[in-house]
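A.B. asks: just coords:
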C-alpha cells in the first residue's frame, strides 16, 4: 500500500513536469555596462523590425526622445558582433552614409562597411535610429561573430546545408514533439496508477474496518434467557436479518476470492492442506503476518 507522503511526492513531481512542459522559464535580460561607457545596454535576441516594435521597446526602456538628437531608442550589434544590444542613446546619432551598417563601440556609434554583403546593404543615407529598415545590418551570427550576409561568415554555408532536402534539420523537428508526447503519456499513466492504487487501498481499509466492527459487535456467548420471538413482525425481522447475513457472507467470499488471486503456494500451505484431508479439525498457529489467514482462506475456497 502506498503511503500518503509518497502519493503527495508523486503528485508534486507530476505537477512540476506539467508546468515545465507548458510554461518554459522566461529569459531575463540583464543590464551590462560597456567599458569606458556610461550607457546602460541590454542584450537582446532580436531587434525591432518595424516602427511599432521600436515604439514599444522605447516605452519599455523609458526612452523619451522623438528626434535624432534626443534620448532615442537604438538597437544595434556590438562592435565585435557578439551581441545585439538595445539602449537609450543620449547623444546625437544622426545620419549614416550608404554602404554602411552601424555598431556600438563603447559610447560611440561607428560605421561598419557592408558593400561586400551578398544582398540588402543600405544604398542610400538613413537615420541610425531607423536601421530597422535594413534587417541585414542587425542579422548577426553571435557564435561566429559575423554578419550572416557576409560571404566569409560560415553561418551562410551552415544555413544552406540545413535547408537542403535530406538535411538533418527535420530530425529535431520530429524527435522533440515525440519526446514531449511520451512524457505526457508517462505522466498520465503515473496519475492513473496512483489513483487506482489509492482506490484499492481505500476499499480494503473499509472492508477491514467493517469486519473489525462486526466482530466487536458480535457477542461471544449467546444469552440463553432471551425469550424466543414468535409473532409475525419478529419473524419478518428475523428473515431480513438472515438475508443481510447471507449478503455479508457473499461479500466476504468475494473479497477472499480477490485476495486468493495473489496467493502463492508454500510448504506451510501444503502441510495444512495434507492434514485437513486426513482429519476434520486442525489448528493453524504462527507469528503475526506469517500468512495464517491467507492459508485458511485459500483452503476454504477449495
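C.D. replies: Arrived safely, thanks for sending. In this text, all values refer to a predicted model and were calculated from it rather than measured experimentally.
A.B. asks: which SS class is residue 131?
C.D. replies: Using DSSP: H, G, I helix; E, B strand; the rest coil, the structure places residue 131 in helix.
A.B. asks: Okay, now the unreliable bits of this protein?
C.D. replies: Within the chain, the stretches with pLDDT under 70 are 1-11, 14-38, 65-70, 155-170, 215-248.
A.B. asks: Okay, domains of it per the record?
C.D. replies: 1-24+176-200, 32-152, 246-302 (automatic domain parsing).
A.B. asks: And the strands in the stretch 201-302 of the chain?
C.D. replies: For the stretch 201-302 of the chain, applying DSSP state E, counting those that start in this stretch gives no strands.
A.B. asks: before we move on, back to that, pick the most buried one from the domains of the chain.
C.D. replies: Of the domains of the chain, the one with the most neighbours on average (mean count of other C-beta atoms under 10 Å) is domain 32-152, at a mean of 16. To be clear about C-beta, it is placed using only N, CA and C from the backbone, and glycine gets the same treatment.
A.B. asks: tell me the phi and psi of the closest residue to residue 154 other than its chain neighbours?
C.D. replies: Leaving aside its sequence neighbours, residue 154 sits nearest to residue 144 (C-beta to C-beta, 6 or more residues apart in numbering; 5.6 Å). Dihedral pair for residue 144: phi -80, psi -10, per degrees, to the nearest 10.
A.B. asks: Check which helices and strands the longest helix anywhere in the chain sits against.
C.D. replies: If each helix of the chain is counted by residues according to DSSP state H, the longest one is helix 169-217. Packing partners of helix 169-217 (3 or more C-beta pairs under 8 Å, 6 or more residues apart in numbering; DSSP states H and E): helix 4-22, helix 232-260.
A.B. asks: do that again at 10 Å, thanks
C.D. replies: helix 4-22, helix 154-163, helix 232-260 (3 or more C-beta pairs under 10 Å, 6 or more residues apart in numbering; DSSP states H and E).
A.B. asks: For residue 74, grab phi and psi.
C.D. replies: Dihedral angles of residue 74 (phi, psi; degrees, to the nearest 10) stand at phi -140, psi 150.
A.B. asks: please renumber so the chain begins at 609
C.D. replies: Fine by me, first position is 609 from now on; the one you just mentioned is residue 682.
A.B. asks: if I look at it, how far off is residue 813?
C.D. replies: 69 Å (C-beta to C-beta, to the nearest Å).
A.B. asks: got it, and residue 687?
C.D. replies: 72 Å.
A.B. asks: do residue 654 as well
C.D. replies: Counting by C-beta to C-beta - residue 654 and residue 813 are separated by 59 Å.
A.B. asks: swap in residue 780?
C.D. replies: Here the criterion is C-beta to C-beta. By it, residue 780 lies 49 Å from residue 813.
A.B. asks: ok, now residue 690?
C.D. replies: Computed as C-beta to C-beta, the residue 690 to residue 813 distance reads 64 Å.
A.B. asks: what's the answer for residue 858, then?
C.D. replies: Distance from residue 858 to residue 813, by C-beta to C-beta: 20 Å.
A.B. asks: Out of the domains of the chain, which gets nearest to residue 818?
C.D. replies: Closest to residue 818 of the domains of the chain is domain 854-910 (C-beta to C-beta; 8.8 Å).
A.B. asks: now residue 734: how far from residue 755?
C.D. replies: If you go by C-beta to C-beta, the gap between residue 734 and residue 755 works out to 17 Å.
A.B. asks: Also residue 669?
C.D. replies: In terms of C-beta to C-beta, residue 669 sits 25 Å off from residue 755.
A.B. asks: same thing with residue 881?
C.D. replies: 87 Å.
A.B. asks: Let me see the residues that make contact with stretch 901-910.
C.D. replies: The contact list for stretch 901-910, computed with C-beta atoms under 10 Å, 6 or more residues apart in numbering, reads 860-861, 863-865, 867-868, 870-874, 876-881, 884-885, 890, 892, 894, 899.
A.B. asks: Do I have it right that residue 718 meets residue 688?
C.D. replies: No - proximity of residue 718 to residue 688 does not meet the contact threshold set by C-beta atoms under 10 Å, at 11.7 Å.
A.B. asks: With adjacent residues omitted, what lies nearest to residue 718?
C.D. replies: Residue 718's closest residue in space is residue 711 (C-beta to C-beta, 6+ apart), at 5.6 Å.
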